[in-house]
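[1] coords below, sequence missing:
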Ligand SMILES: [Zn+2]
């Protein structure tokens, strides 16, 4: 950062910049030309922000809550950003990702991948979003999505200048490296001696205590790396499809499958939560190759090259005046309308809601009731997923419902911040057996997944098109397929 501090109104920011990790937000903050103070009108927006200016653009840097990652959290942060900053026109999603080297794309650690459509496909593929066909093959459901044309135009202009050495990428990298003495070592290029592309079948042989690859045989070299060292260590920027998934990929066979099937150049975990709802450009610094050879030393440098590249591309985006609330209120109205329609479809497809009965029982429970049960070995084992079934039996009125409500409440609190675990339940009541059909139970589980945003609105729209418009409901097996 340099220059003066000032106070800027929330409506004067036009660019959102989303990072998953603090180590990704740090170089972004250091690249601000000026840092600003801004007070939000909305006290319910608890996201963590930094504010400032990059060139002619006022930028809000948003970061996911500490210790969280993935599409669900990114969607929450993106929604807050768009709601609190009414003039935001588009978002950059900037940070580290896994590179996919191929015969025609020599991606190395520290390089940058920028999302761009490749031929007939969009710029993004949500590769784990779909369903299994009867023959075991996978049917992808994600729609082709690309950044808007004005961002792709900026990318083209940057690419042309960068290939002639006229874009400021190298200058921005050295700006941050030279900022403060204590950060210099952290952001330095780690060196080609730490960049090994092993063949997919060569799994990690030896790690240190921290699980970091230390002593694998450097003579095992993937054929894609036969080109040898480059004449310069400056990062190369690649353009192509970004594969986004819900889980960390450490599987070189899946990595290469994504390249062969979708022409993907990079794998990351947040874009899927953002790209369906707002105009977005994803820019990832390559910190690993999505294989078993864990190596964290590229994180800071890769976060820096991605941030420097994002700032350089931003310089080619024509700034527009902040339009304040008028345009943004229209955008917000559309979001609210889409949400209402989405909720109406969910209510139609899965009308029975077990959470009412659960909430009733929980509200009547005295504090600490059932605490003893949470400490039992049987419950603890079930929590670790070793105990597949937890069976409560007892006379009517013995308190099974209260214990079950206690157990659900405890498990939901425990896993609230883990995007890959959802606690779902069906809470039956002997006074309402007519409604507790198999169909309603499965539909209720689906409803809970939707509420937890485990299923995206795109997926719901898929069911909406098939059933709600035709005035019918999916069968339990069709709901299960939607899971
Ligand atoms: Zn290894």
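    That came through fine. Fair warning: this is a prediction, and the values are worked out from it, not measured in the lab.
[2] switch to C-alpha atoms for all contacts and neighbour counts from now on
    Noted.
[3] Low-confidence ranges, the stretch 101-250 of the chain, go.
    211 (pLDDT under 70).
[4] Would you state the strands of the chain in chain order?
    Taking DSSP state E, the strands of the chain run over residues 5-7, 15-19, 34-37, 48-54, 57-63, 90-99, 112-115, 124-126, 130-132, 138-140, 237-244, 264-268, 280-288.
[5] roughly how far apart are the residue nearest the centre of the chain and residue 96?
    For the chain, residue 270 is the residue whose C-alpha lies nearest the centre (Cα atoms, centre = their mean; 1.6 Å). When distances are taken as Cα to Cα, to the nearest Å, residue 270 and residue 96 turn out to be 11 Å apart.
[6] try residue 46
    The span separating residue 46 from residue 96 equals 24 Å under the rule Cα to Cα.
[7] Nearest to the ion: which residue in the protein?
    Proximity to the ion, evaluated over the chain using Cα to the ion, is greatest for residue 204 at 3.5 Å.
[8] burial measure for that residue, as a count.
    The burial metric for residue 204, expressed as a neighbour count using other Cα atoms under 10 Å, is 18.
[9] Report the contact partners of it.
    With contacts defined as Cα atoms under 8 Å, 6 or more residues apart in numbering, the neighbours of residue 204 are 213, 216, 292-293.
[10] Now the two most distant members of those.
    Farthest apart among these by Cα to Cα are 216 and 292. That separation is 10.9 Å.
[11] Mind splitting the chain into its structural domains?
    In the assignment given by automatic domain parsing, the structural domains of the chain cover 5-322, 338-482.
[12] Find out how far the longest one is from the centre of the chain, if you would.
    On the basis of Cα atoms, centre = their mean, to the nearest Å, domain 5-322 sits 11 Å off its chain's mean C-alpha point.
[13] and if you look at stretch 368-386?
    32 Å.
[14] can you give me the end-to-end distance of it?
    In terms of Cα to Cα, the two terminal residues of stretch 368-386 are separated by 26 Å.
[15] can you list contacts of it?
    Contacts to stretch 368-386, defined as Cα under 8 Å, 6+ apart, come from residues 387-390, 402-403, 406-407, 410-411.
[16] Of all the residues in it, which ones are buried?
    Taking 16 or more other Cα atoms under 10 Å as the basis for neighbour counts, the residues of stretch 368-386 that come out buried are 370, 374, 379, 383.
[17] Then stretch 108-118?
    Taking 16+ other Cα under 10 Å as the neighbour-count basis, stretch 108-118 is seen to contain the buried residues 108-118.
[18] what about stretch 78-88, average pLDDT?
    Mean pLDDT, taken over the full extent of stretch 78-88, equals 88.
[19] Ok, stretch 377-393 next?
    If you average the pLDDT over stretch 377-393, you get 82.
[20] What's the end-to-end length of that stretch?
    Taking Cα to Cα, the span from the opening residue of stretch 377-393 to its closing residue is 17 Å.
[21] mind listing the helices for the stretch 301-450 of the chain?
    With helices called from DSSP state H, counting those that start in this stretch, the stretch 301-450 of the chain shows them at 324-349, 355-364, 371-374, 377-383, 400-414, 438-451.
[22] Test my guess that residue 75 contacts residue 273.
    Yes: with contact defined as Cα atoms under 8 Å, residue 75 and residue 273 form a contacting pair (4.4 Å).
[23] and those two? which has more neighbours close in?
    Shown here are residue 75 and residue 273; by other Cα under 10 Å, residue 273 has more neighbours (25 against 22).
[24] follow-up on the earlier one: would you mind giving the strands of the chain as TSV with distance to residue 302 added?
    Rendered in TSV, the data for those read as follows (distance: least, Cα to Cα, whole Å):
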stretch	distance to residue 302
strand 5-7	28
strand 15-19	13
strand 34-37	23
strand 48-54	20
strand 57-63	17
strand 90-99	6
strand 112-115	8
strand 124-126	20
strand 130-132	31
strand 138-140	30
strand 237-244	12
strand 264-268	13
strand 280-288	4
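[25] Out of these, which is closest to residue 365?
    Proximity to residue 365 (Cα to Cα) singles out strand 48-54 among those, at 35.5 Å.
[26] Sheet partners, orientation included, of that closest one?
    On the basis of DSSP bridges, the sheet neighbours of strand 48-54 come out as strand 34-37 (antiparallel), strand 57-63 (antiparallel).
[27] so can I have CSV of the strands of the chain showing distance to the ion?
    Shown next, in CSV, are the strands of the chain (distance: least, Cα to the ion, whole Å):
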stretch, distance to the ion
strand 5-7, 46
strand 15-19, 28
strand 34-37, 41
strand 48-54, 36
strand 57-63, 31
strand 90-99, 16
strand 112-115, 23
strand 124-126, 28
strand 130-132, 32
strand 138-140, 30
strand 237-244, 24
strand 264-268, 20
strand 280-288, 12
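[28] what about those strands, which gets the closest to residue 165?
    Between residue 165 and these, the shortest gap by Cα to Cα is with strand 237-244, which sits at 12.1 Å.
[29] Which elements pack onto that closest one?
    For strand 237-244, the helices and strands in contact under the criterion 3 or more Cα pairs under 8 Å, 6 or more residues apart in numbering; DSSP states H and E are strand 112-115, strand 124-126, strand 264-268.
[30] partner strands of the longest one, parallel or antiparallel?
    Next to strand 264-268 in the sheet, as set by DSSP bridges, lie strand 90-99 (antiparallel), strand 237-244 (parallel).
[31] now those as JSON lines including mean neighbour count?
    Output for these, formatted as JSON lines (neighbours: other Cα atoms under 10 Å):
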{"stretch": "strand 90-99", "mean neighbour count": "27"}
{"stretch": "strand 237-244", "mean neighbour count": "25"}
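[32] Ok, which of those comes nearest residue 471?
    Residue 471 lies closest, by Cα to Cα, to one member of the strands paired with strand 264-268: strand 237-244, at 33.7 Å.
[33] Give me the angle between that closest one and strand 280-288.
    Here strand 237-244 runs at an angle of 100 degrees relative to strand 280-288 (axes from the mean of the first three to the mean of the last three Cα atoms, to 10 degrees).
[34] Show me the contact partners of strand 237-244.
    105, 107, 111-118, 122-127, 258, 262-272, 282.
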